[in-house]
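> sequence unknown, structure follows:
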């Protein structure tokens, strides 16, 4: 018997032209210092969007639980993952509510290190909201970049990234919302809020444009087939980057976490994402903890925005002592609940594989021998150390990619030739980093051999009679 399916919806994705911003990266004199001050913003400028993947993933969005529902597991973006992705910590306060006063020309001028008269001359309104044209800001950033005025260039450049990449609203226009968010450098909760509100609103309307910034599909299978084929075992549930991280579990009066974006507010459910941060999922979640809250900007008869702002004044966090060991397990009561919800909500595509029969299991892990637990610990330790080394290589790759852009800039450019840190400077840095990367790759191979020798033999020995 053929399974019923949900209707799929059509989505389009806004992809702003970032060529001018990419070109301006040549004026970043200290990329490591820039990263320390503003986070991992530079890699976002070269990240592409795979519309096929994003459109397919959006079909799995569950508007009841505010997550992506698959046949036997759930996924959802979290505050902690977004903070790691953009390299910006989450401050214990609301970063943006829309209730803030509109910044004055003087305040914007001080923020960007430019003359107040220039701000006044170019401040305008589009779509009923005030802001500055991106052409004006790009021209100012270029002037300060060529003059090596680091503070002014970086302030304007980062605002452009906030307005064109992270919080785009009107094409080629930095509205005051982007300026407000930039002024406090605490964008993570607003960024995640925009992602959820956008998905939820477009899903309810039957598909529309969504702003995204991420990519990858090197396989030949359709994304629908690839995603429907995923099982629990196909997913790498844990990243050591989250070691020691405490989860923002709820805020104020809410049983979950309210998020305020630039277009509305929505709740998200960290209890469903604990496995993604290494913690176990044991039982089906309490419905009270999955309270669904949503409002669209300008349509808030219940006063949810004010409640959400107050809630963020009292943040409740949980860590290992409250959530248990970091073993990434999902026990049968939780998995059974997920499968039942998926069956009721229906999947958007055909099942490419038979769904395994649900076998009732205990609410705790079955008894395991000491040897089996030791094997698991050794294997997990080996995998984590390997992933940590791979992450170091990825970070080195990202920096080399950035420097490659600096190296291929025209060395005969009149302005560039006047700078002490010009083509030859970047070429030397690039060559040195390339050598460092080669050395690191060799060290990586040696370390993998050492880890295999240290962990795998011990694992085998524990099984030998």
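Arrived safely, thanks for sending. Because the structure is a prediction, the values reported are computed rather than measured.
> C-alpha from now on. contacts and neighbour counts both.
OK.
> tell me the centre residue of the chain?
Nearest to the geometric centre of the chain sits residue 82, at 3.3 Å (Cα atoms, centre = their mean).
> kindly check the end-to-end length of stretch 310-329 for me.
35 Å (Cα to Cα, to the nearest Å).
> tell me the secondary structure at residue 102.
Following DSSP: H, G, I helix; E, B strand; the rest coil, the label given to residue 102 is coil.
> residue 257 and residue 250 touch, don't they?
Yes. Under the criterion of Cα atoms under 8 Å, residue 257 makes contact with residue 250 at 4.6 Å.
> quick one: name whatever helix or strand follows the host helix or strand of residue 227.
Per DSSP states H and E, residue 227 falls inside helix 223-229. Sequence-wise, the next helix or strand beyond helix 223-229 is strand 247-251, with elements assigned using DSSP H and E.
> who does the helix or strand following that following strand touch, helix- and strand-wise?
Next along the chain after strand 247-251, taking DSSP H and E as the criterion, comes strand 257-260. In this structure, strand 257-260 makes packing contacts with helix 188-205, strand 247-251, strand 264-268, helix 304-311, judged by 3 or more Cα pairs under 8 Å, 6 or more residues apart in numbering; DSSP states H and E.
> which one of these has the most crowded surroundings?
Most buried of these by mean neighbour count (mean count of other Cα atoms under 10 Å) is strand 264-268; its value is a mean of 26.
> hang on, the earlier thing: and residue 116, which of the helices and strands packed on strand 257-260 is closest to it?
Residue 116 lies closest, by Cα to Cα, to one member of the helices and strands packed on strand 257-260: helix 188-205, at 28.0 Å.
> specify the angle between the closest one and strand 264-268 in degrees.
Orientation of helix 188-205 against strand 264-268 (axes from the mean of the first three to the mean of the last three Cα atoms, to 10 degrees) gives an angle of 100 degrees.
> residues in contact with helix 188-205?
Contacts with helix 188-205, where a contact means Cα atoms under 8 Å, 6 or more residues apart in numbering, come from 9, 58, 61, 63, 66, 77-79, 82-83, 88-90, 94-96, 166-167, 208-212, 259-266, 294, 296.
> again, 6 Å this time
With Cα atoms under 6 Å, 6 or more residues apart in numbering as the test, helix 188-205 has contacts from 83, 208, 259-261.
> now, the most widely separated pair of these?
Across the contacts of helix 188-205, the longest distance by Cα to Cα is 26.7 Å; it joins 83 and 208.
> those two - which one has more neighbours?
More crowded of residue 83 and residue 208, by other Cα atoms under 10 Å: residue 83, with 20 against 16.
> which helices and strands does the helix or strand hosting the more buried one pack with?
Using DSSP H and E, residue 83 falls within helix 79-86. With contacts defined as 3 or more Cα pairs under 6 Å, 6 or more residues apart in numbering; DSSP states H and E, helix 79-86 has no helix or strand neighbours.
> buried ones in it?
79-84, 86 (16 or more other Cα atoms under 10 Å).
> how far off centre is the following helix or strand past that helix?
Downstream of helix 79-86, the next assigned helix or strand under DSSP H and E is helix 105-112. Helix 105-112 has its C-alpha centroid displaced from the chain centroid by 29 Å (Cα atoms, centre = their mean, to the nearest Å).
> please apply the same query to stretch 8-15.
Per Cα atoms, centre = their mean, the centroid offset for stretch 8-15 relative to its chain is 19 Å.
> what mean pLDDT does it get?
Here stretch 8-15 scores 82 as its mean pLDDT.
> before we move on, what about stretch 347-354?
In this model, stretch 347-354 has a mean pLDDT of 77.
> break this protein into its domains for me.
Described in terms of automatic domain parsing, the domain architecture of the chain consists of the residue ranges 12-345, 370-463.
> buried residues in stretch 234-251?
Within stretch 234-251, the residues scored as buried using 16+ other Cα under 10 Å are 237-238, 247-251.
> how about the helices of the stretch 1-150 of the chain, start to end?
19-24, 31-38, 51-58, 79-86, 105-112, 116-122, 134-146, 150-161 (DSSP state H, counting those that start in this stretch).
> show me what the fifth one is packed up against.
I take that to be helix 105-112. Contact here means 3+ Cα pairs under 6 Å, 6+ apart; on that basis helix 105-112 packs against helix 116-122, helix 150-161.
> residues touching it, excluding its own?
Residues outside helix 105-112 that contact it (Cα under 6 Å, 6+ apart): 115-116, 119-120, 152, 155-156.
> repeat that with 10 Å
With contact meaning Cα atoms under 10 Å, 6 or more residues apart in numbering, helix 105-112 is reached by 102-104, 113-123, 137, 140-141, 151-159, 176, 179-180, 182-183.
> check the fourth one too.
Counting contacts by Cα under 10 Å, 6+ apart, the residues outside helix 79-86 that touch it are 35, 38-44, 78, 87-90, 186-193, 239, 241-242, 245-248, 257, 259, 268, 270, 276-277.
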